[in-house]
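S.K.: My questions are about this predicted structure, shown below with the sequence.
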Amino acid sequence: MRVVANLNVCQGHARCEDLCPEVFSTDPIEGKVVIDQPEFPPELEEKVRIAVRNCPEGALRIARGGKL
Amino acid sequence: MTLIFEPLAPDHVPPELIVDFDFFKIPQDVTDPVQIWHGLADAGAPPIFYTPRNGGHWVFLRYADIVEGYRNHEMFSTRGAQIPPIEPFPVLQPNGVDPPEHDVFRKILAPMFTPLAVRRMTEGLQRRAESLISGFAGQGQCDFIADYAAKFPTATFLELFGLPEERLPEFLRIANVFFRSTDPDIRAANLLEIYAVLEELFREKERNPQSDIATTVLQARDADGKPFPWQDIINCGFLLFVAGLDTVTNTMAYVWRYLATTPDARQKFRDRLDDPAAFLLAIEELMRINAVSNIYRRVTHDCEYKGVQFRKNDRVILPNTVANRDGAIFPDPQTIDLDRKVNNHVTFGVGPHRCIGSHLAKREIMISLQEWLRQIPDFELAEDQDALSVFGGSVMGFESLKLRW
Ligand code: SF4
């Protein structure tokens, strides 16, 4: 499974980083999300899902397979 | 419906959308300013309504509309959006301008407010919290606002700006006038005073650059490698002055008042002292339930929107507390659930103007609470706390919060 971000929409709330630092961090210049582990392991699925659902901008999406 | 009050609403507003609502005025029996907003929604006010008070303005009451208001800056501009209208009012940089102009100063400030940059401030914040709290922990009581919640963010501001801590009393005084005075003459003089201080500060940093926010803003260059207009630099300093003081102070007041009256919650936070992730989750819920700011926008052109006629220059209020307790988005919205898993609150706004200081604000509150609970694990409202020392307006809060332990 893969998580993708729409950087045009991301405004840097960093809720994703707070909730799942294994996968998300924040760019130190623009303050937008960086996905450190786009292909996250299944044991992180629950945490990633919670992070995605908590993004106030709806900037994150989980994609199945390799497709976006 | 007949109007029994003055002033009247303009002709483009149909009578069924008019509600007599003054968000600065808290009725005698209300002890919590956010209740005036929830009272409106409960009383069946239309989801988008108009009040002729304070110069006349619209109010949005649905999460979805509030979020759209934030995002749609082509229609709802931040430029010159004061309520009641104040002219001339400085054009704050970057929050008083819309994209793409907004992005210029936003980009200058962004690196100084990222989670990483804020984590680097942790030690300083921790030290400040520790020393302020230990100053009164032994006394068994304090006025939380005067003794802590006003001082902490102001001292943090001084440090970010590279100003000496000795100037704290002076800054507390001018901030207090800025946030609380309603006298137009005093307000005008106060604005001049703030601008004079900022002018002096930036001139000093020009002569003597350091690694602080003021210097960074001064040294920033535009796309052609030129410095920014002096007025924009000062207006950026002004934004940072007004944005981070009163909001943090009053959010803290709400949080401490809740904890003082809820032994259960104190216990839950004490249990989480060594678990930062759980602590943060609970703080996030207190951010949702205690949204103190009501944000203003100005309509850019005549149009019909969601079935309502808007005119150019109409003012709009986006009350965050109402969005944050919209039952369509938050299950059981009035309940404080410190383990709430999905929490899309808009306390810091959304869209391009989202509060750039949100990570700092949360960290200030989190560190303060951790340190407080270490030194003062249990506390309650003092008997002489006046339940009615409250105020509404663009930032809502309490004039005093007397605690004892
Ligand atoms: S929570 Fe959403 S908007 Fe915020 S940094 Fe993460 S992706 Fe971006």
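M.R.: It's in. Numbers count the residues shown, from 1 in each chain, chains lettered A, B, ... in the order given.
S.K.: what number of residues lie near residue 25?
M.R.: With no chain named, the answer covers chain A. A:Ser25: 18 surrounding residues under other C-beta atoms under 10 Å in any protein chain shown. All C-beta atoms are positioned from the backbone trio N, CA, C, and that covers glycine.
S.K.: oops, chain B please
M.R.: 14.
S.K.: how about the residues of chain A near the ligand?
M.R.: Neighbours of the ligand within chain A, by C-beta under 6 Å from any ligand atom: A:5, A:10-16, A:32-33, A:55, A:57, A:59-60.
S.K.: And the residues you listed, which is closest to B:Ala277?
M.R.: A:Arg15 (12.7 Å; C-beta to C-beta).
S.K.: rewinding a little: of the residues of chain A next to the ligand, which belong to helices?
M.R.: The helices, defined by DSSP state H, take in A:Arg15, A:Cys16 from these.
S.K.: distance of B:Asp384 from B:Phe136?
M.R.: Per C-beta to C-beta, to the nearest Å, B:Asp384 is found 16 Å from B:Phe136.
S.K.: Counting neighbours, go ahead and name the busier of the two.
M.R.: B:Phe136 (17 against 9).
S.K.: from memory the more buried one sits against B:Ala146, does it?
M.R.: No - judged on C-beta atoms under 8 Å, B:Phe136 makes no contact with B:Ala146 at a distance of 10.4 Å.
S.K.: ok, back up a step: chain B next: which of the residues of chain A next to the ligand are close?
M.R.: Under the cut-off given by C-beta under 8 Å from any C-beta of the partner chain, chain B has A:Gln11, A:Gly12, A:His13, A:Ala14, A:Arg15, A:Cys55, A:Glu57 from these close to it.
S.K.: hang on, B:Cys142 is in a helix, isn't it?
M.R.: No - counting by DSSP: H, G, I helix; E, B strand; the rest coil, B:Cys142 is not part of a helix but strand.
S.K.: Tell me who's in contact with it.
M.R.: B:Phe136, B:Tyr148, B:Lys402, B:Leu403 (C-beta atoms under 8 Å, 6 or more residues apart in numbering or on different chains).
S.K.: wait, what's in contact with the first one?
M.R.: When you say that, I think you mean B:Phe136. B:Cys142, B:Asp147, B:Tyr148.
S.K.: and which of the contacts of B:Cys142 is nearest B:Met75?
M.R.: B:Tyr148 (40.8 Å).
S.K.: I'd say the closest one and B:Leu132 touch.
M.R.: Yes - between B:Tyr148 and B:Leu132 there is a contact under C-beta under 8 Å: 5.8 Å.
S.K.: tell me which parts of chain A are close to chain B?
M.R.: Of all the residues in chain A, those in contact range of chain B (C-beta under 8 Å from any C-beta) are A:11-15, A:17-18, A:25-31, A:50, A:53-57.
S.K.: Now restrict those residues to buried residues only.
M.R.: The neighbour count (16 or more other C-beta atoms under 10 Å in any protein chain shown) marks A:11-15, A:17-18, A:25-27, A:30-31, A:50, A:54-57 as buried among the residues of chain A next to chain B.
S.K.: Among the residues you listed, which lie within strands?
M.R.: Residues from these lying in strands, with DSSP state E as the criterion: A:Ser25, A:Thr26.
S.K.: Which pLDDT value goes with B:His57?
M.R.: Per-residue pLDDT puts B:His57 at 96.
S.K.: Quick one: residues contacting it.
M.R.: Going by C-beta under 8 Å, 6+ apart, the list of residues near B:His57 reads B:Tyr50, B:Thr51, B:Ile83, B:Tyr296, B:Asp314, B:Arg315, B:Val316, B:Ile317.
S.K.: Now with 7 Å, please.
M.R.: B:Thr51, B:Ile83, B:Arg315, B:Val316, B:Ile317 (C-beta atoms under 7 Å, 6 or more residues apart in numbering or on different chains).
S.K.: what about the chain, any weak spots by pLDDT?
M.R.: With no chain named, the answer covers chain A. In the predicted model, chain A carries pLDDT under 70 at residues A:65-68.
S.K.: that answer is for a different chain, and I need it for chain B
M.R.: Scanning chain B for pLDDT under 70 picks out B:1-7.
S.K.: what about the strands in it?
M.R.: Assigned by DSSP E, the strands in chain B fall at B:48-51, B:57-60, B:76-77, B:141-143, B:294-299, B:303-305, B:308-310, B:315-319, B:380-381, B:390-391, B:397-398, B:402-404.
S.K.: Where do the helices of the stretch 101-250 of chain B begin and end?
M.R.: Using DSSP state H, counting those that start in this stretch, the helices of the stretch 101-250 of chain B run over residues B:101-109, B:115-119, B:122-134, B:144, B:151-160, B:168-180, B:184-207, B:213-219, B:230-244, B:246-261.
S.K.: just to revisit the earlier point, please say which of B:Tyr148 and B:Leu132 ends up with more neighbours.
M.R.: Comparing B:Tyr148 with B:Leu132 by neighbour count (other C-beta under 10 Å), the higher total belongs to B:Tyr148, at 23 against 18.
S.K.: The more buried one and B:Ile133, how far apart?
M.R.: 7 Å.
S.K.: With B:Tyr70 instead?
M.R.: 36 Å.
S.K.: same thing with B:Leu338?
M.R.: 22 Å.
S.K.: Compare these two (neighbour count), which wins?
M.R.: Legend: neighbour count by other C-beta under 10 Å for B:Leu338 and B:Ile133, higher for B:Ile133 (20 against 17).
S.K.: residues in contact with that one?
M.R.: With C-beta under 7 Å, 6+ apart, B:Ile133 has these contacts: B:Tyr148, B:Glu371, B:Trp372, B:Gln375.
S.K.: show me the contacts for B:Cys303.
M.R.: B:Cys303 sits next to B:Met75, B:Phe310 when contact means C-beta under 7 Å, 6+ apart.
S.K.: Let's see that with 10 Å instead.
M.R.: Listed by C-beta atoms under 10 Å, 6 or more residues apart in numbering or on different chains, the contact partners of B:Cys303 are B:Met75, B:Gln309, B:Phe310, B:Arg311, B:Lys312.
S.K.: For PyMOL, write the select line for the buried members of those.
M.R.: Listed next is the PyMOL selection for buried residues among the contacts of B:Cys303, using 16+ other C-beta under 10 Å:
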select buried, chain B and resi 75+310
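S.K.: which of the contacts of B:Cys303 lies closest to chain A?
M.R.: Relative to chain A, the closest of these is B:Met75; by C-beta to the nearest C-beta it sits at 18.4 Å.
S.K.: So that closest one sits against B:Asp65, correct?
M.R.: No - proximity of B:Met75 to B:Asp65 does not meet the contact threshold set by C-beta atoms under 10 Å, at 11.9 Å.
S.K.: residues touching residue 21, list them.
M.R.: In the absence of a named chain, this looks at chain A. A:Ala14, A:Asp36, A:Lys47, A:Ala51, B:Pro115, B:Ala277.
S.K.: please go with chain B instead
M.R.: Contacts of B:Phe21 by C-beta under 10 Å, 6+ apart are B:36-37, B:39-40, B:43, B:45, B:49-54, B:57, B:59, B:317.
S.K.: Could you tell me the phi and psi values at it?
M.R.: phi -140, psi 120 (degrees, to the nearest 10).
S.K.: and the residue nearest to B:Gln82 when sequence neighbours are not counted, how many neighbours does it have?
M.R.: Residue nearest to B:Gln82 in three dimensions, not counting chain neighbours: B:Phe89, with 5.2 Å by C-beta to C-beta, 6 or more residues apart in numbering or on different chains. Number of residues near B:Phe89 (other C-beta under 10 Å) recorded here: 12.
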